[in-house]
Structures are given as C-alpha cells and as structure tokens.
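Chemist: the following block contains a protein sequence and its predicted model.
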Amino acid sequence: MIMNLKTLILIFVIMGSSKIIFDFNKESTISDWKIVDDVVMGGRSNGSFTLNNDGHGEFSGVISLDNNGGFSSVRYRFKENDVANYSTFILKIKGDGKKYQFRVKSTTNDYHSYIYVIQTDNTWQTIEILFSEMYPAFRGRDLNMVNYPGKEMEEVAFLIGNKKRESFKLEIDKIELK
C-alpha cells in the first residue's frame, strides 16, 4: 500500500509539474530567437525581436503586402525536448489586439508546423493551449494529418499574417509546458 501511495504521489508530481521553454527577464539572451519574414519569398515585411526595458521579448514590425508578401515570424530553435509528459502550452503574452499564430515543430526538419491562433486584446493574457488543439499546416494550407502529437519538440514560433498592411507588437513574458 505504501509503495502504491509513493507511486501515485510521483505520478501527481510529474503530471502537475511544468517545464519552462523560455522565461524572459532583463538578463535574457535572445540571440537564438530568429526573425523569418516574407522577404524569403520576395515580400517586403519587416519584423524585429528585442528585449524591451521591462525584460520581455518584443516581436514588432510592419507587414507589407508588396510582392505577394504578408507575414513576419520569430522562431526559437533548441535541442530536442521530450514533451510526452505534458499536454498544454502556457503562454504569457501581451498583444496589440491583433491575431497571432503560435507555432510548434516536432523537429526542425519538418516542413509543416502545428498552429494555434491567438486573438490578443491589448492586455497581459495567460493563454492555455492543449497540444491536441494545434493543427498542422504548411504555407497557409491546412494538412490532412493528426494534430500535434506532443512527443518531441525542437521549435516554437510566433507569426503574424492577417492578409493586410499593418504594424504589430507582441510582448512575450513566458512560454512553458504543463
């Protein structure tokens, strides 16, 4: 009976624990965060990623529709993470009232990403995203595949591409798994 109780406690601790993907602060190193704009396809959008005075990651810029453009993204790649013991992303972000995509790749070799669309509201929001809610897509097309299986992960990203000319600003405080 005691062994079973210890096992149950261990399972509860593992399932109840969280794992930080990135927690921004004034000393954060953001050199592994990379901008990918539509310029890779001839577009003219211009995004940037900085650490602001409050210690938050700040993804901002201007979306242009020139030359069939229309998106900007910031991505963070890392060594493979085993995420099988988790089921949910927890994001603490502050947007500008625009829609953004939160994107995940199981491996950096995957051509597709798993996507969840977030509507920001000009306030700090804590967004919970179940892995099972993230659908696969490639270049704006939904794919006939299962949603994010949540076994491994090598990249997280934010993308804006609302099919209109606009400036944007998204602050990121924390990305974690639960």
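Modeler: It's in. Numbers count the residues shown, from 1 in each chain.

Chemist: leaving out chain neighbours, which residue sits closest to residue 61?
Modeler: residue 47 (3.6 Å; CB to CB, 6 or more residues apart in numbering). All C-beta atoms are positioned from the backbone trio N, CA, C, and that covers glycine.

Chemist: so how far is residue 68 from residue 41?
Modeler: Residue 41 sits at a distance of 7 Å from residue 68 (criterion: CB to CB, to the nearest Å).

Chemist: now residue 84
Modeler: 39 Å.

Chemist: got it, and residue 105?
Modeler: Applying CB to CB, the value for residue 105 to residue 68 is 24 Å.

Chemist: ok, residue 98 next?
Modeler: 21 Å.

Chemist: contacts for the helix or strand that residue 78 is a member of, please.
Modeler: Following DSSP states H and E, one finds residue 78 within strand 72-82. The contact list for strand 72-82 (CB atoms under 8 Å, 6 or more residues apart in numbering) reads 19, 21-22, 32-38, 45-47, 49, 57, 59, 61, 63, 103, 107-108, 151-161, 168.

Chemist: in helices only, show me those residues.
Modeler: Among those, DSSP state H puts none in helices.

Chemist: my guess is residue 158 contacts residue 169, does it?
Modeler: No: assessed by CB atoms under 8 Å, residue 158 is found out of contact with residue 169, at 11.5 Å.

Chemist: quick one: which of these two has more around it?
Modeler: More neighbours surround residue 158 than the other of residue 158 and residue 169, with 25 against 16 (other CB atoms under 10 Å).

Chemist: helices and strands of this protein: which one bottoms out on pLDDT?
Modeler: helix 2-16 (a mean of 49; mean pLDDT, DSSP states H and E).

Chemist: just say helix, strand or coil for residue 67.
Modeler: Following DSSP: H, G, I helix; E, B strand; the rest coil, the label given to residue 67 is helix.

Chemist: so what's it up against?
Modeler: 42, 43, 44.

Chemist: so what pLDDT did it get?
Modeler: With respect to pLDDT, residue 67 has a value of 94.
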